[in-house]
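*Asks:* Need coordinates for the below:
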Amino acid sequence: MKAIHQNTDEKLIELQWIIGVELDCLTSYESLKLVTKKIMWDVKKSDRHFLLWLHFVGHYIKKKHDAKWVLIRREGNDSQYFVPFVMDENTRIWKVGDFCQTYYYKKKRMSGISFNTFYKLEIEQYVAQFKFHEINISVDRLIELE
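*Replies:* Residues are numbered from 1 along each chain as shown. The predicted structure follows:
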């Protein structure tokens, strides 16, 4: 996760090759919808494909909202791990990696979710517009990548 912000061009090229579609605009809503649906329904389910998609989602949010990649250090079961988030200059935060458990593991690698629900709840965040201080994570757990 510490390298999620690196090699964007290579990751986006690989993702396009995997889904079999060359995208004209990598930061459009239609591209996000197409890539997500391809990953959900058309390509082999793999961790690599999911991570490339996760990077694409973060890239989309980052460009759309003039934001940057950050990591949040989490602890659990006697271990430490890092979760990717995207945060803008006003500390509005998108929990990019936090939806992994729900959509990847609980929803069986993204099967059984609708794109519209995913977009509204996770990207546009109509339900909640989080600021960093509102997500109950201490600043010492924040690692700025960019």
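
*Asks:* Which helix or strand in the protein has the lowest average pLDDT?
*Replies:* Lowest by mean pLDDT, DSSP states H and E among the helices and strands of the chain is helix 100, with a mean of 64.

*Asks:* Report the contact partners of the residue located most distally from the centre of the chain.
*Replies:* In the chain, counting by C-alpha atoms, centre = their mean, Asp78 sits farthest out from the average C-alpha position, at 25.4 Å. Counting by C-beta atoms under 8 Å, 6 or more residues apart in numbering, Asp78 touches no other residue. For glycine as for every other residue, the C-beta is placed from the backbone atoms N, C-alpha and C.

*Asks:* And it, what's its pLDDT?
*Replies:* Here the pLDDT value assigned to Asp78 is 82.

*Asks:* Please apply the same query to Leu71.
*Replies:* pLDDT for Leu71: 91.

*Asks:* isn't it right next to Ile143, touching?
*Replies:* Yes. The criterion here is C-beta atoms under 8 Å, and Leu71 meets it with Ile143 at 4.3 Å.

*Asks:* Now list whatever residues contact both of those two.
*Replies:* 2, 82.
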